[in-house]
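Colleague: Mind folding the following:
(one chain, ligands or ions: 1)
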Amino acid sequence: MPVQMHAYESLTQWTWGAAVAISSVLGRDLQDKPRARLLLSGGSTPAPVYEALAKAPLDWERVDVALVDERWLLPDDPDSNSRLIRESLLRDRAAAARFESITRPGRSIEEAVSAANLHAQTPPGVVVLGMGEDGHTASLFPRMQNLEGALQSRAPYVAVDATGCPGAGKFLRRISLTPAGLEPAHTRLLLIRGESKRKLLERVLAGDDPLEYPARTAFLTPGAPLHIHWCP
Ligand SMILES: O=C1O[C@H](COP(=O)(O)O)[C@@H](O)[C@H](O)[C@H]1O
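Modeller: Okay, here's the model as predicted:
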């Protein structure tokens with residue numbers, strides 16, 4: 001299985017280990033190409049890594065930062081993934097990066113998906129994924145209506161309706177990266193913390209049905225190996 005586990009003893013080691021891993025790949029991309037493209041997840045886990053990454057001595061003006069997924073909220077909403085990334089990453093040196101929010105005032109959800117798909121014509125370099133306690137990744141939730149359609153979509157982003165999925169909380173309408181959007185990335189990371197996610201990860205890695213645990217798309221989708229960064 002194309003999975004590499006990076007287990008750390010502490011939150012500090014995890015934070016810096018993951019941040020250094022991301023920044024070294026971005027640095028290599030910037031040596032080879034005019035611009036580097038980084039896709040980031042939101043949620044409650046990755047902020048410390050983004051804060052550490054913001055200090056990396058990169059030519060951030062040449063880095064495009066975009067979202068793996070977004071809740072159907074305006075980009076300034078405190079619960080939006082955009083806001084999380086603005087506050088945790090787009091500061092210090094990384095303040096110079098170019099950020100693409102998916103949602104915008106006046107944009108319909110269809111327009112937001114089209115805009116995300118337009119941007120996705122430039123393939124991502126690095127994709128940072130998360131995993132919820134229910135085994136979702138991006139905004140692909142177990143038992144979500146038309147999950148199969150999202151998993152098989154040829155579009156990099158789709159709109160989803162997570163009605164009936166407890167893991168989505170009160171954020172039911174969302175826009176999500178699909179496996180087709182993940183596939184072209186040359187580097188994939190999964191950032192997780194805590195014992196319960198470690199146990200869940202064992203179950204996720206032990207099977208091959210993405211409908212049961214959509215987080216399996218992180219390693220089942222053809223392409224780059226998955227680097228899992230975990231700490232207690
Ligand atoms: O809703 C979301 O959840 C996942 C996992 O989040 P976490 O709070 O369990 O770390 C996240 O990766 C995704 O971007 C977000 O929209």
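
Colleague: Check which residues of the longest helix along the chain are buried.
Modeller: Longest helix in the chain by number of residues (criterion: DSSP state H): helix 11-32. For helix 11-32, the neighbour count (16 or more other Cβ atoms under 10 Å) marks 14-19, 21-23, 25-26, 29-30 as buried. Bear in mind the C-beta positions are built from the backbone N, C-alpha and C, glycine included.

Colleague: so what secondary structure elements neighbour it?
Modeller: Where contact means 3 or more Cβ pairs under 8 Å, 6 or more residues apart in numbering; DSSP states H and E, helix 11-32 is packed against strand 3-7, strand 36-40, helix 47-53, strand 126-129, strand 187-193, strand 226-231.

Colleague: please redo it, this time with the cut-off set to 7 Å
Modeller: Contact analysis of helix 11-32 by 3 or more Cβ pairs under 7 Å, 6 or more residues apart in numbering; DSSP states H and E lists strand 36-40, helix 47-53, strand 126-129, strand 187-193, strand 226-231 as its packing neighbours.

Colleague: got TSV for those, with distance to Phe99 too?
Modeller: Shown next, in TSV, are these (distance: least, Cβ to Cβ, whole Å):
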stretch	distance to Phe99
strand 36-40	10
helix 47-53	12
strand 126-129	14
strand 187-193	19
strand 226-231	23
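
Colleague: ok, Leu73 - contacts?
Modeller: By Cβ atoms under 7 Å, 6 or more residues apart in numbering, Leu73 lies in contact with Asp79, Ser80, Thr103.

Colleague: From Arg71, how far off is the residue nearest the centre of the chain?
Modeller: Nearest to the geometric centre of the chain sits Ser41, at 3.1 Å (Cα atoms, centre = their mean). Ser41 sits at a distance of 12 Å from Arg71 (criterion: Cβ to Cβ, to the nearest Å).

Colleague: mind listing what the residue nearest to Gln13 when sequence neighbours are not counted touches?
Modeller: Here the nearest residue to Gln13 in space, its sequence neighbours aside, is Cys231; by Cβ to Cβ, 6 or more residues apart in numbering that works out to 6.7 Å. Applying Cβ under 7 Å, 6+ apart, we find Cys231 in contact with Tyr8, Ser10, Leu11, Gln13, Trp14, Arg193.

Colleague: Many thanks, I have nothing further to ask.
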